[in-house]
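Enquirer: Please find the sequence and the predicted model below.
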Amino acid sequence: MLIQFPGGVPAHMPYADTQPTTHAAAAPAQNFTQATTLGALVATLAALRRPPALQEMNEWMHTTAPQAKELRPLVGFKEGTYARHRVFTSEHVELLVLCWLPGQRTPIHDHDGSYGVVRVCEGVMWETLFATDEARGLTYQSAREWTPGLITGADVPDIHQLGNPEVSGQNLITLHMYAPPLKSLNVYQVGHKESVSTVWMSSWNPTI
Ligand SMILES: [Fe+2]
């Protein structure tokens with residue numbers, strides 16, 4: 001189940017030029033208080049003595065507006081693949097900044113049991129969602145566009161793909177929260193009934 005948040009229903013665009021455009025449901029109305037800093041979010045996570053609920057994660061990510069000076073030391077890009085920069089980790093939760101050049105994207109994946117919430121800080125993020133079909137295996141479901149300040153939250157076991165579209169013409173910076181900390185991604189391919197491989201995060205260390 002994917003959860004949408006206020007700030008306006010995003011424009012809906014296909015992930016790739018060949019994919020059809022579909023439309024997601026309107027976001028439910030919710031009230032959030034004023035924005036807080038990335039530092040305040042880290043302090044909240046550091047004080048956590050239990051696993052956070054997905055709804056809490058969504059609220060924290062919605063109210064956190066990282067300042068430019070906070071993001072600057074966490075931003076760095078790689079050729080060939082998006083870059084992961086760790087902000088905070090504990091036994092319960094992990095916070096990362098991911099940096100994407102145009103055209104960089106994840107494989108189709110799930111979070112192997114972790115909740116995941118993403119906030120777009122700069123740029124445009126395309127998210128493609130998939131469904132499992134008894135007869136056809138993994139199938140395309142829909143695609144959405146996310147812009148700065150918007151949040152997307154992934155329950156378990158959502159299968160999706162994120163990326164910075166080649167045509168965006170700009171870099172993408174996103175803030176990611178996982179609970180428990182992401183240990184691995186199960187990777188999928190359209191038409192297959194099972195995961196085709198696993199990417200272990202321990203072999204892909206964040207740069208910070
Ligand atoms: Fe993901």
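Expert: Sure, I can see it.
Enquirer: so what's the spatially most central residue of the chain up against?
Expert: Against the mean C-alpha coordinate of the chain, by Cα atoms, centre = their mean, the closest residue is residue 118 at 3.6 Å. Applying Cβ atoms under 8 Å, 6 or more residues apart in numbering, one finds that residue 118 lies in contact with 61, 125, 146, 151, 152, 153, 154, 162, 174, 175, 176, 177. In this view, the C-beta of every residue, glycine as well, is placed from N, C-alpha and C.
Enquirer: Identify each buried residue in stretch 152-166, please.
Expert: 152, 153, 154, 158, 159, 160, 161, 162, 163, 164, 165 (16 or more other Cβ atoms under 10 Å).
Enquirer: distance between the ends of that stretch?
Expert: 21 Å (Cα to Cα, to the nearest Å).
Enquirer: Average pLDDT for it, rounded please.
Expert: Taken as a whole, stretch 152-166 carries a mean pLDDT of 89.
Enquirer: in what helix or strand does the residue lying farthest from the centre of the chain lie?
Expert: Centroid-distance maximum for the chain: residue 135 at 28.7 Å, with Cα atoms, centre = their mean. Of the helices and strands defined by DSSP states H and E, none includes residue 135.
Enquirer: And it, how close does it get to residue 193?
Expert: Residue 135 sits 9 Å away from residue 193, going by Cβ to Cβ, to the nearest Å.
Enquirer: same check, this time on residue 90
Expert: Separation of residue 90 from residue 193 (Cβ to Cβ) stands at 35 Å.
Enquirer: same thing with residue 199?
Expert: 19 Å.
Enquirer: Just want to know which of these two has more residues nearby.
Expert: residue 199 (15 against 12; other Cβ atoms under 10 Å).
Enquirer: just checking, that one touches residue 185?
Expert: Yes. Look at residue 199 against residue 185 with Cβ atoms under 8 Å: they come within range, at 4.5 Å.
Enquirer: that older thread, quickly note the distance from the residue nearest to the centre of the chain to residue 52.
Expert: 15 Å.
Enquirer: would you list every one of the strands in this protein?
Expert: Using DSSP state E, the strands of the chain run over residues 2-4, 83-89, 94-100, 108-110, 115-122, 125-133, 137-146, 151-154, 160-163, 172-179, 184-188, 197-200.
Enquirer: Would you list the strands that the third one pairs with, along with their directions?
Expert: Right, the one you point to is strand 94-100. Here strand 94-100 has these sheet partners by DSSP bridges: strand 83-89 (antiparallel), strand 172-179 (antiparallel).
Enquirer: and among those strands, the most buried is which?
Expert: strand 172-179 (a mean of 23; mean count of other Cβ atoms under 10 Å).
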